[in-house]
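Novice: Could you look at this predicted model? Sequence included:
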Amino acid sequence: MSAIVNCVAYADGHRIGDVDLDDIADVLDEPGQFIWIGLHEPDEELLRKVQRAFNLHDLAIEDANLAHERPKIEMYGDMLFVVLRTAQLDRSTCRIDFGETHIFLGRQYVVAVRHGPSAAYAGLRSRVETTPHLLRMGPGFVLYALADFIVDQYFPIIDAMDAVSYTHLR
């Protein structure tokens, strides 16, 4: 299975189509278009290829490769780098497993790199694509949608913890 989950171009709030990693420069040359690429546990070679395609900062790529970061937001020139923690409840062990999503945001791109447990973002992408009036806002809206989706994944965990606490208090 490829570490590239999706690599899609958008313009004026609509999906243009899938983009091969080698063709990213052509899309970035088009005004009004942006790329949203999703990676799942990529190796360093793929991360370096993505780095070259989007001109991403070395330190941010290093963080995304190591995947042991605390949540943060950093600016590197005109690029924003965001690290968010994901969480999934393993009901069989009653354990919470944590992962990370590293997001690179520029004027014409969003690169989301998932490590460890998290819900897949394919459903989120589909929902975002049904709201062209919001998607027209570009990469900033995609960052918002990703952060909102990740935070929403905490609610079932909180509900489960609340149920356990309530049971023990009775």
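Specialist: Happy to help now that I have it.

Novice: Please, which helix or strand holds the closest residue to A147 other than its chain neighbours?
Specialist: Excluding the flanking residues, the one nearest A147 by Cβ to Cβ, 6 or more residues apart in numbering is L84, at 6.2 Å. C-beta: built from backbone N, CA, C; applies to glycine. Using DSSP states H and E, the element containing L84 is strand 79-90.

Novice: Just give me the neighbour total for the residue nearest to A147.
Specialist: The local packing of L84 (other Cβ atoms under 10 Å) involves 21 other residues.

Novice: That one pairs with what?
Specialist: T101 (DSSP bridges).

Novice: Return the distance of it relative to A67.
Specialist: To A67, L84 is 12 Å away according to Cβ to Cβ, to the nearest Å.

Novice: again with V151
Specialist: 20 Å.

Novice: Which residue of those two possesses the greater neighbour count?
Specialist: A67 (16 against 12).

Novice: which regions of this structure lie under the pLDDT threshold?
Specialist: Residue ranges of the chain with pLDDT under 70: 1-2, 163-170.

Novice: OK, contacts around the most centrally placed residue in it?
Specialist: Centre of the chain computed as the mean C-alpha position; nearest residue by Cα atoms, centre = their mean is A112, 3.1 Å away. Counting by Cβ atoms under 8 Å, 6 or more residues apart in numbering, A112 touches W36, I37, G38, L39, T101, H102, I103, Y121, L146.

Novice: looking at this, it is in a strand?
Specialist: Yes - when DSSP: H, G, I helix; E, B strand; the rest coil is applied, A112 is found to be in a strand.

Novice: thought V110 was touching L39?
Specialist: No - contact between V110 and L39 fails when scored by Cβ atoms under 8 Å: they sit 11.3 Å apart.

Novice: Which residue ranges of the protein form helices?
Specialist: Assigned helices in the chain, in chain order: 24-28, 44-54, 58-66, 122-129, 132-135, 139-152, 155-169 (criterion: DSSP state H).

Novice: Please consider this matter closed, and thank you.
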